[in-house]
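Novice: sequence and predicted structure, then a few things I'm wondering about:
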Amino acid sequence: MVGSDTNFSRSGSWDWIMQRISAVVLAAYTFCILGSFIIYPDMDYQQWYALFESRTMRVFSLISLGALCAHGWIGMWTVSTDYMTSLQFGKVATPVRWLFQAGCILLICVYLIWGIQILWGL
Amino acid sequence: MLVSIYRHNPETDTKPVMQDIEVDIPAGKDLMVLDVLALAKEKDSTIAYRRSCREGVCGSDGMNINGSNGLACITPISEAVKPGGKLVLRPLPGLPVIRDLVVDMAIFYKQYEKIKPYLINNDPAPAIERLQSPQQREKLDGLYECILCACCSTNCPSFWWNPDKFIGPAGLLQAYRFLADSRDTATTERLAGLGDPFSVFRCRGIMNCVAVCPKGLNPTRAIGHIRNMLIPQCR
Ligand code: SF4
Ligand code: SF4
Ligand code: FES
């Protein structure tokens, strides 16, 4: 059983809303990227580069990156509090879960920073 | 008919076993599973199970019948087993076994207790009774009929994983029963107790609960209503 909640919002409603909004953003972004492949069937590096030169595209990408991180965190937190409990892991459940969650946070931070670096060419 | 029954006494046994018993079914009769259990108990009187009303009212004989939760007393064997098949009876999944088909329902009742399953109204009581219009009363249909058999909650993966934190379909159906009651004045307090990430939001809407409710109730829909009441509260 899960002893302590480590999610950030501590509100189920908030997580639920975030999960839906981020899903919509990610879907829209996916369509946008797929759409640009359809519009420019033989896109080369220059065109791809130009696409991400525009501020709109960069901001949209950044928002989507944020959505991905939020979506990923809520999802992984939920999965870990379902499947990494004392029912499955006994006494070591809490350390195992925290380790897993820490790994997720680390990975998400890396993606976020890396993504920003790529997008804004730092 | 071959009946396979889960046998376990946690005080003396290390592992549960399935015991096969051959039961003679009177020709041309479609017995209820509970009747078959009674016939099996005639052969081996040590089999333990709960039952009381034997007509789907008390909710005490919820069990896992050929892989699906249900009330033994109102489940005909023709419905539970394919012709020539074996009847397999196990306790409700996810709860500690006390003996054979008898489970410890303490955590299930604890979740029920959490939602304060009674009317809260501190306004002075009227001379005779608190009235409801037929429309207000109608809102309680499909909610008040629950007999707390636990078939739904013990069929819910979210309840298996977090039985101490997720209220479960049975408790949530009753939570909504009081949220929807025009005579109850504690809506805000009730909702405040449900907004955490576990109590309500562990429901994934897979409707395992709906699939097994012997009273044909729909906890998933009630949970959806609760969620719709909770969302506008979060700002
Ligand atoms: S909702 Fe249905 S399955 Fe669940 S406890 Fe009530 S009667 Fe039983
Ligand atoms: S719909 Fe919700 S409450 Fe019902 S079984 Fe699925 S997760 Fe459990
Ligand atoms: S014995 Fe009462 S519900 Fe089955």
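Specialist: It's in. Ligands and ions are numbered 1, 2, ... in the order given.
Novice: not counting sequence-adjacent ones, nearest residue to B:Phe108?
Specialist: B:Ala150 (5.0 Å; Cβ to Cβ, 6 or more residues apart in numbering or on different chains). All C-beta atoms are positioned from the backbone trio N, CA, C, and that covers glycine.
Novice: what backbone torsions are found at that neighbour?
Specialist: With angles defined as degrees, to the nearest 10, B:Ala150 sits at phi 70, psi 10.
Novice: how much space separates it from B:Leu179?
Specialist: Separation of B:Ala150 from B:Leu179 (Cβ to Cβ, to the nearest Å): 21 Å.
Novice: of these two, who's got more company?
Specialist: Between B:Ala150 and B:Leu179, counted using other Cβ atoms under 10 Å in any protein chain shown, B:Ala150 has the larger neighbour count: 24 against 21.
Novice: now the helices: where do they sit in chain B?
Specialist: Per DSSP state H, chain B carries helices over the ranges B:33-43, B:77-80, B:106-114, B:134-138, B:157-161, B:168-179, B:187-192, B:208-212, B:219-230.
Novice: ligand 3: which of those is closest?
Specialist: Closest approach to ligand 3 among the helices of chain B is made by helix B:33-43 (6.3 Å; Cβ to the nearest ligand atom).
Novice: which one of the helices of chain B is the most hemmed in?
Specialist: Most buried of those by mean neighbour count (mean count of other Cβ atoms under 10 Å in any protein chain shown) is helix B:168-179; its value is a mean of 26.
Novice: helix B:219-230 and that one, what's the angle between them?
Specialist: Here helix B:168-179 points in a direction 50 degrees away from that of helix B:219-230 (axes from the mean of the first three to the mean of the last three Cα atoms, to 10 degrees).
Novice: near ligand 1, anything from helix B:168-179?
Specialist: Yes - Helix B:168-179 lies within reach of ligand 1 by Cβ under 6 Å from any ligand atom, at B:169-170, B:173.
Novice: re earlier: so which of the helices of chain B is nearest A:Ala23?
Specialist: Closest of these to A:Ala23 is helix B:219-230, at 16.0 Å (criterion: Cβ to Cβ).
Novice: contacts (any at all) between ligand 2 and the closest one?
Specialist: Yes - interface with ligand 2: helix B:219-230 contributes B:219-220, B:223 (Cβ under 6 Å from any ligand atom).
Novice: and those residues, which is closest to B:Asp184?
Specialist: Using Cβ to Cβ, B:Ile223 comes nearest to B:Asp184 of those, at 18.1 Å.
Novice: pLDDT weak spots in chain B?
Specialist: Applying pLDDT under 70 to chain B flags the ranges B:235.
Novice: so what's the residue of it positioned farthest from its centre up against?
Specialist: Note on chain B: the largest C-alpha distance from the chain mean falls to B:Ala127, namely 36.8 Å (Cα atoms, centre = their mean). Contacts for B:Ala127 (Cβ atoms under 8 Å, 6 or more residues apart in numbering or on different chains) come out as none.
Novice: alright, that wraps it up for me.
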